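>>> sequence plus predicted model, see below.
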Amino acid sequence: MKPPVNFCQVCGHAMIDQWTFGKQRRICPACGFVHFEDPKVAAVTLVEDQRRILLVRRRMNPGRGLWSLPGGFVDYGEDPREAAVREVLEETGLIVQLTGLIDILGGAQQTGNATIVITYSATVVSGAAAPQDDTDAILWYSAVDSLPDLAFESTHALLTRWIEDQRHST
Ligand SMILES: [Zn+2]
């Protein structure tokens with residue numbers, strides 16, 4: 001759970017709970033400011049090369065020491081496609097080109113701190129993958145390998161689906 005919003009970010013008055021715009025929200029009785037609890041959006045990428053998928057080991061929580069797809073939060077005003085490409089570059093040094101949209105997963109808990117996860121597919125344009133930034137190891141995962149310990153249920157769901165696709169395409 002997120003901590004409650006106690007004070008108005010516009011005028012500094014104490015916030016109260018009030019039913020508005022279809023649900024209970026924090027509002028400011030002094031200036032009328034409504035605090036909307038916005039979703040956190042992450043963009044992640046299935047980078048595929050020679051029938052292998054690029055995984056990164058996380059140096060930070062949530063999921064420190066566990067494996068996930070390269071990805072991270074979409075900045076305010078940023079195109080999620082640009083965020084996906086940027087995160088792969090920051091975490092692995094690879095320049096990739098997106099090739100499609102795989103899925104948009106939502107809901108709480110399964111995805112770390114994000115409530116919406118947008119997943120793209122991509123191919124490598126240039127570079128050699130090496131761990132950088134908040135990643136301390138990389139792995140090219142093949143469908144015949146056993147899965148490493150994964151950080152998020154969303155990663156597990158996406159990889160399981162990819163593995164199934166590999167079996168059907170052989
Ligand atoms: Zn206010």
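Sure thing, it's come through. These numbers were taken from a predicted model, which means no experiment stands behind them.
>>> quick check: residue 68 vs residue 40, distance?
As judged by Cβ to Cβ, to the nearest Å, residue 68 and residue 40 stand 16 Å apart. Quick note: C-beta positions are derived from backbone N, CA and C, even for glycine.
>>> assign a three-state SS to residue 60, would you?
Judged by DSSP: H, G, I helix; E, B strand; the rest coil, the three-state class of residue 60 is coil.
>>> neighbours of it, just the number please.
11 (other Cβ atoms under 10 Å).
>>> of residue 68 and residue 40, who's got more company?
Legend: neighbour count by other Cβ under 10 Å for residue 68 and residue 40, higher for residue 68 (26 against 14).
>>> leaving out sequence neighbours, find the closest residue to that one.
Spatial nearest neighbour of residue 68, excluding adjacent residues (Cβ to Cβ, 6 or more residues apart in numbering): residue 151 at 4.4 Å.
>>> how is the chain divided into domains?
1-37, 41-168 (automatic domain parsing).
>>> so how far is the shortest one off the chain centroid?
So that's domain 1-37. 27 Å (Cα atoms, centre = their mean, to the nearest Å).
>>> please apply the same query to stretch 44-56.
15 Å.
>>> coming back round to it: would you mind finding the most buried of the domains of the chain?
Of all the domains of the chain, domain 41-168 has the most neighbours on average by mean count of other Cβ atoms under 10 Å, namely a mean of 17.
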